[in-house]
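Novice: Next input, structure requested:
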Amino acid sequence: MHYLVLISLLAASVLAYDQPEYSYSPAVGSGSGNAYSIQGESRITAVRMWELNNNRIYGIQFRYGFTWSAVAGYKSGLPIEIELFDDEAITGISGKHSHYIYSLVFTTNMGRMLTAGQPSGTSFNMYPTNPKAELRFISGRIHSGLTSIGAHWGGVGPSSNNTGN
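Specialist: The predicted structure follows:
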């Protein structure tokens, strides 16, 4: 009788177990050049990208709360930008790569997208393994533009973008 109760409790705890909230989408691209990582303390509240002559992704920057990160890569011309709404999060990254990252598309849980670059090369898609997770930071390599990108997914505390809007 005690074994039956123990087995029932064990089975219930296994069924209640959720997938890990943190996951990693492996880097795509050639990976030449210097390493970069864009990360911050709170939720991502905006994204900026620079493209080189409507071609490859030249630079990228995230805003966490009110604070902009350093630019990974380089600035060239006007940035392409999206500011996220309260409770909006990046839930997918797709694009094209060859030697460089030629295009990037950031998709949010509200169906909005930020697109930059030229769709040329091999396609890729990055999503978290847990549907409750969102983009926390990216890492990769830079050499005259982004040559690789990997995505790190996870949970964030209480929903608040703290954008002051």
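Novice: Okay, helices next: where are they in the protein?
Specialist: 2-16 (DSSP state H).
Novice: Share the number of residues neighbouring residue 113, please.
Specialist: 12 (other Cβ atoms under 10 Å). For glycine as for every other residue, the C-beta is placed from the backbone atoms N, C-alpha and C.
Novice: ah, wrong one, I meant residue 66
Specialist: So residue 66, with other Cβ under 10 Å, has 12 neighbours.
Novice: in this protein, which segments are predicted with low confidence?
Specialist: 1-20, 157-165 (pLDDT under 70).
Novice: And the residue nearest the centre of it?
Specialist: residue 135 (3.9 Å; Cα atoms, centre = their mean).
Novice: Wait, that one touches residue 89, no?
Specialist: Yes. Using Cβ atoms under 8 Å, residue 135 is in contact with residue 89, at 7.1 Å.
Novice: Identify the contacts common to the two.
Specialist: Contact with both residue 135 and residue 89 is made by residues residue 44, according to Cβ atoms under 8 Å, 6 or more residues apart in numbering.
Novice: residues touching the residue nearest to the centre of the chain, list them.
Specialist: 44, 89-91, 93, 106, 128, 151-153.
Novice: now the strands for this protein?
Specialist: 23-29, 34-38, 44-51, 57-64, 67-68, 72-73, 80-83, 90-97, 101-108, 113-117, 122-126, 134-142, 146-154 (DSSP state E).
Novice: other SSEs contacting the third one?
Specialist: Packing contacts for strand 44-51, counted by 3 or more Cβ pairs under 8 Å, 6 or more residues apart in numbering; DSSP states H and E, involve strand 57-64, strand 80-83, strand 113-117, strand 134-142.
Novice: What pairs with it, parallel or antiparallel?
Specialist: strand 57-64 (antiparallel), strand 80-83 (antiparallel) (DSSP bridges).
Novice: In TSV, list the ones you listed along with mean neighbour count and distance to residue 99.
Specialist: Below are the strands paired with strand 44-51 laid out as TSV (neighbours: other Cβ atoms under 10 Å; distance: least, Cβ to Cβ, whole Å):
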stretch	mean neighbour count	distance to residue 99
strand 57-64	23	12
strand 80-83	16	21
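Novice: Any idea which of those gets closest to residue 25?
Specialist: strand 57-64 (15.5 Å; Cβ to Cβ).
Novice: what residues are up against the closest residue to residue 49 other than its chain neighbours?
Specialist: With sequence-adjacent residues excluded and distances taken as Cβ to Cβ, 6 or more residues apart in numbering, residue 49 is closest to residue 116, at 4.2 Å. Counting by Cβ under 8 Å, 6+ apart, residue 116 makes contact with 49-51, 57, 80, 103-104.
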